[in-house]
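Undergrad: No sequence on hand, only this structure:
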Ligand code: ADP
């Protein structure tokens, strides 16, 4: 089919793919490419990117234009689309093959302004992290005024949008301004080096080594280990993009894999280490694996000549002192000859080298910067080398990417970070995409997806890739279980346990509840191995370790344990659990089932205490445990931090397994009295833990609310309570928690945590304000929160990726559950509703307006940084007209034009409560402001209307200021 036809036929799909995420990033990237190619001229671009117009309108305009420009432009457009769209959004679209390559166009660049156009895509990328520097240079050179700079820096823009606005402004200032920008970027890229000296020619031996390293990296990276025991699955076939965000900077645009080492979001220019953080199972190792593979194939990170991948798990078993040179060559790839020359080349070109360290949280020692090593040939224990590499005292300039679970990252380590990127797991579209890749048969995929959608608690869990993998593996169990479909994380792991145990056994008798009893011996053996491993921070087990625990070949080929990959291949066969969470699960099974564990194991587990001295004799891990007492003490202290996340996960599984719902499982496996006793112990520990948090809240100053800023462990305790699924225990634990405001900002709260929070918080005795700003609640999370809405008197959800869908659910669900009157009641208890910086459009605002119609208590409504536009503003203004409680309304940065302003003018006319109206950063023109001025003549309650950065000329502003002093420009 011709490209033109493809554009026409797929118009709706293309529009959806470009715009449905609510972010303008994809459209803008396509425009960048088309501009660079000369497929669009500057005037075309300006006609498409009209400020204040909706994203869909802009995208439609682009489609019309490329279509009228003919087949070549359509071909280029489709190709650009293919490059830009993440896989999940490109599903179902076909792209023509017949098009030219999209390399940046070097021919037309005789002036700096032409270079800006021709190199636009890469300039947008390169400008990230240095927009401020360029602005300063332009200010110094007199090309920009400070108002220009403010315009580029508007907080409503994402970092890439700021880069684009900068390029647009520079273009309008002429060639000299463009050359200031280009010069700044060149200097930034290679400080101190003139442009023409940047090329380097590596020696021949080096190139051979590069080839050897990349083929070894590629071989290690091309299969996913979790599939090792079941069916081989190549990473290409299953890899699905996860959601990446900058930890510090609030960026809306999706981050791509290469942005991890790119310029976006750098907080410390001096540092070389980027941290990728995320929960266990969020896909950190898989993401690194993907990066390795893309690098080895020459498809990404091509600024780096060599990439050295390390696994901290494997570094734990290196007991010799090594130099950096030995570390690189022995652990990654051995040069056949000229080691010295190759290493010297590495030392001379640090900026072209990348190290990755997977699972820093699994290293036995916690990060310290006490022992300094600066010389690359000096030997030191491997963890000391690693810490010096991270802080840059060794191999300064070499970029390092480190992954770790968030809770294991100490403030000391943060000091040495260039930036932190958070991996949030799969988006809803990602879950869909993953399931379709996992099940080649589309009917099966559709069924699995349907049953996931039917159980939102399960759907919430599937945002975690490891759980999505388990659920997909066990699809038969999932589809067969109807009512009893899994709800908690423990349910999901029990499902995989049953799945693989039953697959192992040819006997039919394992149906029903007998399956555990039949495999009890294996479960206990693997459980003991896991438990001992967790206690000693050991994740890789040698054949001798397994033998000592009594684990046999039969137990090994059960998928739970897989062969450990080792780059250096000098070690004999080693095994590891297919995921660390599975090790925690087996450890928990052992704690529940074994009669050998000490009585204090459960209390110690919940107090996250070191459990090394408890009951069991040490049967294995000669290699893992230090020999002398002194060494043991030192190592215990150091490894405490590394253990904590795993102890927390284990405790969560123990809570889940000891739930009343699963008691039947243990019937013939261990004495009921013992299990019940353990369950009572857990309930007591959870209640005690919550009380401890409560007691830590300082007494409020008289007249102030009692506010609790939750510590990270609080969310963990809440999740344990949810796993237990016993409302009486949750009720008892929460009954004494008296607090007016619960602050859970920056707590990594996703849909799973929302489910747990709603389950537990509904047992609070008095209403609370729930502050969940800066988390990843998302639309699924909003739905999960509904059961605790009645106990919330305010809900803060700023920066949470909530879209219209979330707002729709919030309103629609409540309509479903109760009468319309009741919505008023429900929303009426929300005296504050802050939903700033989400992705709410006119449609969502209209839903919200409907829900607020009869509300008489909402005082603060914050919707800044959304995209509600004129239509949304009109709906809200008309519904709020009857409110006599609203005192503060913010619609900053929402694409509100004069129509919206006129609707708000009506609100002003009628309102007797509204005091502040925030309309900064919209596109209101003179007409809109005139309406507002007229309305203010009839209103004495409003104290200020903020109108900075709208579509007004300086003269307009001066004139209007004179007319109405409450307008603030
Ligand atoms: P983490 O390192 O954060 O603990 P992993 O990368 O080990 O998580 O992921 C656990 C499992 O989840 C993987 O083995 C794989 O089955 C699945 N998984 C994770 N990320 C992805 C992804 N991006 N695409 C497909 N599957 C993934």
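TA: Sure thing, it's come through. Keep in mind that what you see is a predicted model, and the values were worked out from it rather than measured.
Undergrad: quick one, what contacts the closest residue to the ligand within the stretch 551-700 of the chain?
TA: Closest residue of the stretch 551-700 of the chain to the ligand, CB to the nearest ligand atom: residue 579 (5.2 Å). Just so you know, the C-beta spots here come from the backbone N, C-alpha and C atoms, and that holds for glycine as well. Residue 579 makes contact with 226, 280, 281, 466, according to CB atoms under 8 Å, 6 or more residues apart in numbering.
Undergrad: Distance check, it against residue 262.
TA: Look at residue 579 and residue 262: by CB to CB, to the nearest Å, they are 29 Å apart.
Undergrad: picking up where we left off before, any idea of the pLDDT on the residue of the stretch 551-700 of the chain closest to the ligand?
TA: Predicted confidence (pLDDT) for residue 579: 88.
Undergrad: Next: residue 588.
TA: Model confidence at residue 588 (pLDDT) stands at 96.
Undergrad: Could you name the specific helix or strand carrying it?
TA: helix 580-593 (DSSP states H and E).
Undergrad: Tell me which helix or strand comes right after that helix.
TA: In N-to-C order, the element after helix 580-593 by DSSP H and E is helix 601-606.
Undergrad: Can you name every helix or strand that that following helix contacts?
TA: Applying 3 or more CB pairs under 8 Å, 6 or more residues apart in numbering; DSSP states H and E, one finds that helix 601-606 contacts helix 580-593, helix 629-657, helix 672-695.
Undergrad: so which of those comes closest to residue 18?
TA: Residue 18 lies closest to helix 580-593 among the helices and strands packed on helix 601-606, at 36.6 Å (CB to CB).
Undergrad: Excluding its own residues, what touches the closest one? List them.
TA: Outside helix 580-593, the residues that touch it by CB under 8 Å, 6+ apart are 280-281, 362, 466, 493, 496-497, 520, 523-524, 526-531, 533-534, 539, 560, 576-577, 597, 601-602, 605, 646, 649-651, 653-654, 656-658, 666, 669-670, 675, 678.
Undergrad: now do 6 Å
TA: Contacting residues not belonging to helix 580-593 are listed as 280-281, 493, 523, 526-528, 530-531, 534, 560, 577, 597, 601, 646, 649-650, 653-654, 657, 669-670 [CB atoms under 6 Å, 6 or more residues apart in numbering].
Undergrad: Just the buried ones from those residues, in PyMOL syntax?
TA: Of the contacts of helix 580-593, the buried ones go into a single PyMOL selection, burial set by 16 or more other CB atoms under 10 Å:
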select buried, resi 280+281+493+523+526+527+528+530+531+534+560+577+597+601+646+649+650+653+654+657+669+670
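Undergrad: How many residues are close by the residue in the stretch 451-600 of the chain that the ligand sits nearest to?
TA: Closest residue of the stretch 451-600 of the chain to the ligand, CB to the nearest ligand atom: residue 465 (3.2 Å). By other CB atoms under 10 Å, the residues close to residue 465 number 25.
Undergrad: What are the neighbouring residues in contact with it?
TA: By CB under 6 Å, 6+ apart, the contact list for residue 465 reads 283, 425, 426.
Undergrad: Let me see the confidence value for the residue lying closest to residue 324 once chain neighbours are set aside.
TA: Leaving out its chain neighbours, the residue that sits closest to residue 324 by CB to CB, 6 or more residues apart in numbering is residue 376, at 4.3 Å. Looking at residue 376, its pLDDT is 87.
Undergrad: From the ligand, how far off is residue 376?
TA: For residue 376, the distance to the ligand (CB to the nearest ligand atom, to the nearest Å) stands at 29 Å.
Undergrad: Over to that residue. Which of the three states is it?
TA: coil (DSSP: H, G, I helix; E, B strand; the rest coil).
Undergrad: Among the contacts of residue 465, which ones are in helices?
TA: Within these, no residue falls in helices by DSSP state H.
Undergrad: On the secondary structure side, give me the element for residue 575.
TA: Assigned by DSSP H and E, residue 575 belongs to strand 574-577.
Undergrad: Residue of this structure closest to the ligand, please.
TA: With CB to the nearest ligand atom as the measure, residue 283 is the residue of the chain nearest to the ligand, at 2.7 Å.
Undergrad: Could you grab the helix/strand/coil label for the spatially closest residue to residue 414 that is not a sequence neighbour?
TA: In space, and not counting its chain neighbours, residue 414 is closest to residue 420: 7.3 Å by CB to CB, 6+ apart. Following three-state DSSP, residue 420 is assigned to strand.
Undergrad: Quick check: residue 371 vs residue 463, distance?
TA: Taking CB to CB, one finds residue 371 at 40 Å from residue 463.
Undergrad: now do residue 404
TA: Distance from residue 404 to residue 463, by CB to CB: 19 Å.
Undergrad: Likewise for residue 17?
TA: For residue 17, the distance to residue 463 equals 21 Å [CB to CB].
Undergrad: neighbour count winner among these two?
TA: residue 463 (26 against 22).
Undergrad: which element is the more buried one on?
TA: For residue 463, there is no enclosing helix or strand under DSSP H and E.
Undergrad: residues touching it, list them.
TA: Residue 463 neighbours (CB under 6 Å, 6+ apart): 425, 426, 750, 751.
Undergrad: Surely the residue nearest to residue 414 touches residue 275?
TA: Yes: using CB atoms under 6 Å, residue 420 is in contact with residue 275, at 4.6 Å.
Undergrad: mind listing what the residue nearest to residue 846 when sequence neighbours are not counted touches?
TA: Once flanking residues are discounted, residue 846 sits nearest to residue 875: 4.2 Å by CB to CB, 6+ apart. Residues near residue 875 by CB under 6 Å, 6+ apart: 845, 846, 849.
Undergrad: what about the second one, how many neighbours?
TA: When counting by other CB under 10 Å, one arrives at 20 neighbours for residue 846.
Undergrad: pretty sure it belongs to a helix, no?
TA: Yes: counting by three-state DSSP, residue 846 is found in a helix.
Undergrad: hang on, residue 719 packs against residue 756?
TA: Yes: under the criterion of CB under 6 Å, residue 719 makes contact with residue 756 at 4.7 Å.
Undergrad: more crowded one of the two?
TA: Remark: of residue 719 and residue 756, residue 756 carries more neighbours, 27 against 24, as counted by other CB under 10 Å.
Undergrad: related to what we said a few turns ago, now for the contacts of residue 579: which two are most distant?
TA: 226 and 280 (13.2 Å).
Undergrad: ok, the nearest residue to residue 761 once chain neighbours are set aside to residue 10 distance?
TA: Take residue 761 and drop its neighbours on the chain: the residue closest to it by CB to CB, 6+ apart is residue 788, 4.3 Å away. According to CB to CB, residue 788 stands 43 Å off from residue 10.
Undergrad: what do you get for residue 156?
TA: Taking CB to CB, one finds residue 156 at 31 Å from residue 10.
Undergrad: Up against the ligand, what does the protein have?
TA: Contact residues, the chain versus the ligand (CB under 6 Å from any ligand atom): 224, 226, 238-240, 242, 278, 280-286, 434, 465-466, 469, 579.
Undergrad: make it 5 Å
TA: Proximity of the chain to the ligand, by CB under 5 Å from any ligand atom, involves residues 226, 238-240, 242, 280-286, 465-466, 469.
Undergrad: Could you report the neighbour count for the residue nearest to residue 761?
TA: Other residues near residue 788 come to 20 when the count uses other CB under 10 Å.
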